[in-house]
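Trainee: here is my input, please return the structure:
(chains A and B)
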Amino acid sequence: MIATLAFIAIPVAARAEGETIKGTLEKIDGDVHEPVAGVTLTVERDGELIGTAESDAEGNWEIPVPGAGTYAVRLETDTLPEGVALTDPERSELPNLTVRANQNKTARFNLGPGLVTGNVSTLDRLLELLVLGLKLGAIIAMASIGLSLIFGVTGLVNFAHGEMVTMGAVIAYFFHLSLLGPQWPLLIAAIPAILLTAAFGWINETALWRPLRRRRVGLISMLVISIGLSFSVRNGINILFGGEPRTYADFAVQQPIQIFGVQTVPKNIFIIVFSILVLIGVGMFLLYTKTGTAMRAVADNRDLAESSGIDVERVILVTWVVGAGLAGLGGVLEGASETVQWDMGFKLLLLIFAAVVLGGLGTAFGAMVGAFIVGVTVEMSTFWIDASVKNAVALALLVVMLLIRPQGILGTRERIG
Amino acid sequence: MNWADIFFDGVLAALGPVGAAYALSAIGLNLQFGYTGLLNFGHVAFMMAGAYGTAITVEFGGSLWLGVVIGVLAGAFLGLLLGIPTVRLRADYLAIVTISIGEIMRLVARSGFAEPLTGGVFGIQAFANDFFALNPFSPGARYGWGQFVFQGRALFVTLVGWSLVALGLLLTWKLVRSPWGRVIRAVREDEDAARSLGKNVFLYKLQALMVGGSLGAMAGVLLAIEQQNVTPNSFEPKVTFFLYVIVIVGGAGTIVGPVVGALIFQFLFFFFDSLMLSAQGQGYLDWAGFDATDAAQVKLVLVGLGLMTLMAFRPQGIFGNKEEMLIGDT
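Mentor: Numbers count the residues shown, from 1 in each chain, chains lettered A, B, ... in the order given. Reported below is the predicted structural model:
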């Protein structure tokens, strides 16, 4: 009997006998075949980078992959030389290329004389990244407000917040595409997704955190409990939803449009505008409604709020429901702009933390400001650094902030103690 | 279902080299979390520093032994680097920064531009031949009784691993009984009180983070040597999570707690893994539509629920003292 001693899955690399993905890039213009050199190709699996290569003078390229499996191969269209373009502009990515053991799989991209040039000016590229950054910021903001407000009213740093983001995206997927579901359009499927995630927030507070507070369980213990919850829910979603990333059918493929001289897909603009409207709504709610004011009062000083007649437990419950609903909405937006995956929320959690700390833990407006700073910085940094480590920029921001102004942009000094 | 096989899968996993590595890593985490009250949620980063420190040193022509030293020092250095911006702040900030740094290090190690150094997603292999050259047992032979059998190669790593665990326990025991140990416990109980007695709390926390980090790095070195392979995906955040379960099950802030926790955790984890896979193989889980991957995932859900239940109802673990576990809370 061979005991299973590998505690953690070790993907054994088999580069020597090796599976690879390869191809030859040729520009075909009538009968003239002409190799295309210097084009960058990337292979990814589950959204994580496996390798990149550049086509050589004969147009050949080859990327080794760590084993049999399904990979996504992308041709970076902005590296195409002038006068060369994909014959089908939407086929710049082959999302499901199956590689068998020891296979050298060929990935085929058809190139022809382009109508548009592949070259983009520096300014245009920066503006494009700015739009992507604003979009990412909007999604992070949705998820961060809840985390920050829940911290404000209860003192709990909820590590399971990312799972509510995933939940929103997955529930919308169920109502949108699942064969067991009603197969509504995404815009309608988003409604039950937000409501059910908000309900999950309600259950979270009433079934878990309120009883724990009653039993006087300490904040650090609660933090560890939230990590346990995050782990359980995340893996539970993995069982139900599966490990493969999936995309919504609506808005999946869009023709880029020009807006203020920036080329981008319409859904990005929609996400940014829609999110800003929601954020303004949340801001108005916090500033001008009784419940919103009560929320800020409890976050500021719980005892004082309680003694002036505010029902603190009710305020905490409302905070959970609103925060969870917003996180669910963030999940739907992230799912529409990227893919739906069982650990998408956990991956976003790092950026959410950076945003919340940057803006000041416990403040809703700080979380919004922090989210946009993080989103824009992360996306724009890809102009200079490798996109696979763009999230490290968020961490760098976080650490610098902790060194110079630990309370965050809008935080107050005594909170960090 | 063959219950004996399932049982011995658990036993061998608990007593094997990986069990030893987890015990050692948990000893380091216990020093940080259990004794000093530092919420280090990126302990896997220290293990990664150790494993990569060793592998990269050998890759660039250093000897394996130099690599081990560099790996352990890398752990201590990471503790310093992480500690300076965060240990002055409240516990949650350390948790946030450490969980982030663990992920960032993994992303950087697997990225294309770090590939010349780290081997990217493929990692680095076959760097520990010097270690196995010292193996007194014949690598392929089987040692043991009945189903309780280790191969010679695994037996060697296992013995070295548990010897390191014993040294780690001795170190913890010496440290926590020393004046230094009393100060770090005082820091955990009441930072202001320790400060008002003139203790430099910042330095003590930093030292605890570095010592615990070196123990974690040593565990990473052990894992890397055992597998002759380091790849970024061995260092996912869930490793830290398992270590927390181990420390809390055994009893945070107790000397033998991490070792007992590691034995129990590894046994249950692999017992259950084997049980579920065997049940799935026999078709007992078909009603739920479970394939082998799903069956393996169920145990992860249960581990999470287990941690929540423990933390809520018995935060002191099996051997811990409830008074010792009221970490930093008011």
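Trainee: go ahead and confirm B:Gly257 touches B:Tyr35.
Mentor: No - the pair B:Gly257 and B:Tyr35 fails to qualify as a contact (C-beta atoms under 8 Å) at a distance of 10.6 Å. Placement of C-beta: from N, CA and C, glycine included.
Trainee: now do the helices in chain A.
Mentor: A:122-154, A:161-177, A:186-203, A:210-214, A:219-241, A:266-288, A:290-300, A:302-307, A:312-337, A:344-359, A:364-381, A:390-404 (DSSP state H).
Trainee: got the residues of the stretch 151-300 of chain A near chain B?
Mentor: Within the stretch 151-300 of chain A, the positions near chain B by C-beta under 8 Å from any C-beta of the partner chain are A:157, A:159, A:212, A:215, A:217-221, A:223-225, A:227-233, A:235-236, A:238-239, A:243.
Trainee: got a PyMOL select line for the buried ones in those residues?
Mentor: Burial among these is assessed by 16 or more other C-beta atoms under 10 Å in any protein chain shown; the matching PyMOL selection reads:
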select buried, chain A and resi 157+159+212+217+218+219+220+221+223+224+225+227+228+229+230+231+232+233+235+236+238+239
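Trainee: what packs against the helix or strand B:Leu263 falls within?
Mentor: Secondary structure assignment for B:Leu263, by DSSP states H and E: helix B:257-281. Applying 3 or more C-beta pairs under 8 Å, 6 or more residues apart in numbering or on different chains; DSSP states H and E, we find helix B:257-281 packed against helix B:3-15, helix B:17-29, helix B:237-250, helix B:292-313.
Trainee: and with 10 Å instead?
Mentor: Helix B:257-281 is packed against helix B:3-15, helix B:17-29, helix B:152-177, helix B:237-250, helix B:292-313, with contacts defined by 3 or more C-beta pairs under 10 Å, 6 or more residues apart in numbering or on different chains; DSSP states H and E.
Trainee: re the thing from before, in TSV: the helices of chain A, plus mean pLDDT.
Mentor: Formatted as TSV, these follow (pLDDT from 0 to 100):
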stretch	mean pLDDT
helix A:122-154	92
helix A:161-177	96
helix A:186-203	97
helix A:210-214	94
helix A:219-241	92
helix A:266-288	94
helix A:290-300	92
helix A:302-307	91
helix A:312-337	96
helix A:344-359	92
helix A:364-381	93
helix A:390-404	84
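Trainee: could you list the low-pLDDT ranges of chain B?
Mentor: The model of chain B has pLDDT under 70 over residues B:320-330.
Trainee: contacts only, for the residue of it most remote from its centre.
Mentor: Distance from the centre of chain B peaks at B:Trp287, with 36.3 Å (C-alpha atoms, centre = their mean). Counting by C-beta atoms under 10 Å, 6 or more residues apart in numbering or on different chains, B:Trp287 touches no other residue.
Trainee: A helix includes it, no?
Mentor: Yes - assigned with DSSP: H, G, I helix; E, B strand; the rest coil, B:Trp287 falls within a helix.
Trainee: distance-wise, check it relative to B:Ala279.
Mentor: 11 Å (C-beta to C-beta, to the nearest Å).
Trainee: try A:Ile352
Mentor: 38 Å.
Trainee: pretty sure A:Glu76 contacts A:Leu25?
Mentor: No - judged on C-beta atoms under 10 Å, A:Glu76 makes no contact with A:Leu25 at a distance of 11.7 Å.
Trainee: what's the domain layout of chain A?
Mentor: A:19-119, A:123-415 (automatic domain parsing).
Trainee: check contacts around the nearest residue to A:Glu48 once chain neighbours are set aside.
Mentor: Nearest non-adjacent residue to A:Glu48, counting by C-beta to C-beta, 6 or more residues apart in numbering or on different chains: B:Arg110, 7.2 Å away. By C-beta under 10 Å, 6+ apart, B:Arg110 lies in contact with A:48-50, A:388-389, B:118-123, B:231-233, B:235.
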